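Trainee: Everything below, folded, please.
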Amino acid sequence: MIYLIGNQIILILGALIMSLRETRKVNLYNEALLITWFQSSRIFASWDGKLLQLWTPDGAEVARYRFDKVYRISRNPVRDAIVVGGTFLGKTGGHVINSGGDIIGEIDPIFEWSIDGEKLIGLSFRKEKKILSLWSYSDFKIARQNTIKINKQIEGINWGFEANYVLGISRKDNKAYLIDLATGKSKVDIKSKGELTKAVWSPYASLVAIGDKKGNLSISRIAFSSGGKVRKEDLFKQRFEGAINNLKWCSANQLMFSVNNNVNLLNIDLGEVMKFGIGSIFDATPDVNYVAIGHLNTVRIHGAISGEQRKVIKMGGVVNDLGFSPDGSYLAIASSDYTVKIIDESNF
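Mentor: Here you go, the predicted structure:
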């Protein structure tokens, strides 16, 4: 028999309370499919196939909406707002929602935030229209500023480091076009050798990464002159064994990508690729100290510098999405067992 007295009891109770705080679970009505944090890290959004719900990290519900369809959720990189691309009350488009749960406006169905959080750019689903829409966002209001007629047919957009240009994506042409928002003209074409899978413009530096189904990954530096000329410089090219499935900029010189569901981290300055293992879903903390990778019903957390596996988290179902909060305090994991699990940073 073991007797515990005084401070020993307090320590055990403290450890128990801490362990309860390290992991929290939010129960949904259906399968958890998407997760997106608001920029303040005080609220996150989940979608379970029927309901879009806003939660605090402690699991308190803030608001809910019944979306018939959701195909994308994107957060404002500076302020507490998100855009939900989907169908709500019979209307398909981008629905702008603040952290209080208010829908404050609707924009085009294809959209992207500017990196200063003050603008949105939109594109219609209608392929015959070569028009971009520019929207302003301030004081929890959105307003259409103007439309821009462009000279290229695109079906995707990505807004990166330079506010006066947008990256237009054409899988039909296997190209990404750097489009001047003042004239609507394409200044630079970035071509993929194989069938284009992903093209992303870094928010940290004037770098564009592009990947294809043949495993080609290339990174180009975009230089702008005072006279309006734009130059493209090839910075990195490598072919991998398998399709490039996803790309995510983590910092000015670090790019995460997956090749046939194998997750890698590229250090551009060193030209080094760190391999983490199998996973179709991944994210990194804002300081790029930790990497989380989801595969089947398991999430593994690695140290991004050492590559060592630090923690294994088992879910009751298949991991559908995951994301670190913008301040790095939490990791949210959505799975097919109708739950979202919240892991505290002390447990990474």
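
Trainee: In contact with residue 325: list those residues for me.
Mentor: 37, 41, 44, 57, 331-332 (Cβ atoms under 8 Å, 6 or more residues apart in numbering). In this view, the C-beta of every residue, glycine as well, is placed from N, C-alpha and C.

Trainee: of those residues, closest to residue 65?
Mentor: Nearest to residue 65 among the contacts of residue 325: residue 44, at 14.7 Å, using Cβ to Cβ.

Trainee: tally of neighbours for the residue nearest to the closest one when sequence neighbours are not counted?
Mentor: Distance criterion Cβ to Cβ, 6 or more residues apart in numbering; nearest residue to residue 44, sequence neighbours excluded, is residue 37 at 4.6 Å. A count of nearby residues for residue 37, using other Cβ atoms under 10 Å, gives 22.

Trainee: now do residue 113
Mentor: Residue 113, neighbours per other Cβ under 10 Å, totals 23.

Trainee: Kindly provide the distance from it to residue 314.
Mentor: Residue 113 sits 34 Å away from residue 314, going by Cβ to Cβ, to the nearest Å.

Trainee: For the stretch 151-300 of the chain, give me the ranges with low pLDDT.
Mentor: Scanning the stretch 151-300 of the chain for pLDDT under 70 picks out nothing.

Trainee: Quick one: the helices in the stretch 101-250 of the chain, in order.
Mentor: In the stretch 101-250 of the chain, no segments count as helices under DSSP state H, counting those that start in this stretch.

Trainee: got the residue ranges for the strands in the stretch 101-250 of the chain?
Mentor: Assigned by DSSP state E, counting those that start in this stretch, the strands in the stretch 101-250 of the chain fall at 103-107, 110-113, 119-123, 131-138, 141-149, 156-158, 165-170, 175-180, 186-191, 196-201, 207-212, 216-224, 230-239, 244-251.

Trainee: So which elements touch the fourth one?
Mentor: Looking back up the chat, that one is strand 131-138. The contact analysis (3 or more Cβ pairs under 8 Å, 6 or more residues apart in numbering; DSSP states H and E) places strand 131-138 against strand 119-123, strand 141-149.

Trainee: Could you list the paired strands of that strand along with their orientation?
Mentor: Paired neighbours of strand 131-138 in the sheet (DSSP bridges): strand 119-123 (antiparallel), strand 141-149 (antiparallel).

Trainee: follow-up on the earlier one: of the contacts of residue 325, just the buried ones, ChimeraX syntax please.
Mentor: Selecting the buried subset of those in ChimeraX, with 16 or more other Cβ atoms under 10 Å as the burial test, is done by:
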select :37,41,44,57,331,332
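
Trainee: and residue 217, what is it in contact with?
Mentor: By Cβ under 8 Å, 6+ apart, residue 217 lies in contact with 209-211, 236-240, 244, 257, 266.

Trainee: same question, residue 294
Mentor: Contacts of residue 294 were listed using Cβ under 8 Å, 6+ apart, and they are 279-282, 319, 321-322, 333.

Trainee: Likewise for residue 303?
Mentor: Counting by Cβ under 8 Å, 6+ apart, residue 303 touches 289-291, 310.

Trainee: Most neighbours among these, which one is it?
Mentor: Scoring the contacts of residue 303 on neighbours with other Cβ under 10 Å, the highest-scoring entry is residue 291 at 25 neighbours.

Trainee: C-terminal to the longest strand along the chain, what's the next element?
Mentor: Using DSSP state E, we find that the single longest strand of the chain is strand 61-75. Next along the chain after strand 61-75, taking DSSP states H and E as the criterion, comes strand 81-88.

Trainee: tell me the mean pLDDT over that following strand?
Mentor: Average pLDDT, strand 81-88: 96.

Trainee: Neighbouring strands of the very next helix or strand once past it in the sheet, and parallel or not?
Mentor: The helix or strand immediately downstream of strand 81-88 is strand 91-98, counting by DSSP H and E. Counting by DSSP bridges, the strands paired with strand 91-98 are strand 81-88 (antiparallel), strand 103-107 (antiparallel).

Trainee: What residues of strand 91-98 count as buried?
Mentor: Neighbour-count burial for strand 91-98, counted by 16+ other Cβ under 10 Å, picks out 93-98.

Trainee: just to revisit the earlier point, can you list the contacts of residue 325 in CSV and add pLDDT?
Mentor: As requested, the contacts of residue 325 are exported to CSV (pLDDT from 0 to 100):
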residue, pLDDT
37, 98
41, 97
44, 97
57, 96
331, 98
332, 98
